[in-house]
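Chemist: let's see this in three dimensions:
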Amino acid sequence: METSTRVLIYEDNPDLQASLSQLIAGAPGLSLVGAFGNCTQVTTDVARLQPHVVLMDIDMPGINGIEGLRRIKAGSPNINVVMLTVFEENERVFGAVCAGADGYLLKKTPPARLLEAIGEVRAGGAPMTPAIARQVLQLFPKAPTSSAATADDSAANLSPREREILRLLVEGYSYKMIAADRDISIDTVRSHIKKIYEKLHVRSMTEAVSKALRQGLA
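Modeler: Numbering: from 1, shown residues only. You can find the predicted model right below:
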């Protein structure tokens with residue numbers, strides 16, 4: 001029975017691609033299945049290599065990472081796609097949010113945090129560096145309180161604790177960070193997040209964060 005997480009990398013910078021490949025290949029529990037400088041054959045690549053997680057550069061020649069993300073999600077929605085970006089790419093971060101990325105990390109993310117993020121996204125989390133989280137917050141104007149109340153009745157059903165956890169998710173906290181901040185177990189965090197999904201009628205962390213930002217819930 002296969003236990004390792006299969007990781008596929010798309011990164012057009014040769015040095016960064018090499019360092020990411022070395023990091024993934026040497027990490028316990030991870031298996032590097034491929035590394036490419038563009039995603040022009042992304043649909044074929046994914047079908048052939050069967051990754052669990054894709055690390056996707058946003059700015060690549062030919063087909064950019066956001067289009068690559070859309071193609072992956074269209075054919076294989078269960079594959080987790082984590083976008084690799086740089087701080088200034090506001091519009092691209094917005095595009096990635098809308099296209100359904102599962103996480104957003106700066107290219108300068110420390111190796112240990114990147115490895116943690118891969119495990120996190122596999123467990124249903126949405127890894128996001130604080131800098132990216134702040135950008136996402138700025139990109140989504142909050143709805144007025146009155147609109148938020150009427151926009152979706154499900155929002156009114158969130159408990160105070162669930163709203164706290166949703167706010168921390170929006171701010172880019174990992175499951176582990178939320179557990180520490182709220183002094184609860186990770187299993188309890190997962191339980192709350194499952195209820196948040198049900199109440200907001202969403203199926204992923206990206207959808208939950210996106211809805212929270214659009215409706216001013218967090």
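Chemist: ok, longest helix in the protein?
Modeler: Using DSSP state H to define each element, the chain has its longest helix at helix 186-200.
Chemist: let me see the mean pLDDT of it.
Modeler: What helix 186-200 shows for mean pLDDT is 88.
Chemist: now do that helix: which elements does it pack against?
Modeler: Helices and strands touching helix 186-200, by 3 or more CB pairs under 8 Å, 6 or more residues apart in numbering; DSSP states H and E, are helix 153-156, helix 160-170, helix 175-182, helix 205-215. All C-beta atoms are positioned from the backbone trio N, CA, C, and that covers glycine.
Chemist: dump these to TSV, plus mean neighbour count, distance to Gly29 and mean pLDDT.
Modeler: Converted to TSV, those look like this (neighbours: other CB atoms under 10 Å; distance: least, CB to CB, whole Å; pLDDT from 0 to 100):
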stretch	mean neighbour count	distance to Gly29	mean pLDDT
helix 153-156	14	36	56
helix 160-170	18	24	86
helix 175-182	17	16	87
helix 205-215	21	21	73
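Chemist: so what touches stretch 42-51?
Modeler: Contacts of stretch 42-51 with the rest of the structure, by CB atoms under 8 Å, 6 or more residues apart in numbering, involve 6-8, 10, 33-34, 36, 39, 54, 63, 68, 71-72, 75-76, 79.
Chemist: of all the helices and strands packed on helix 186-200, which one is nearest Thr109?
Modeler: For Thr109, the closest of the helices and strands packed on helix 186-200 is helix 175-182, at 14.7 Å, according to CB to CB.
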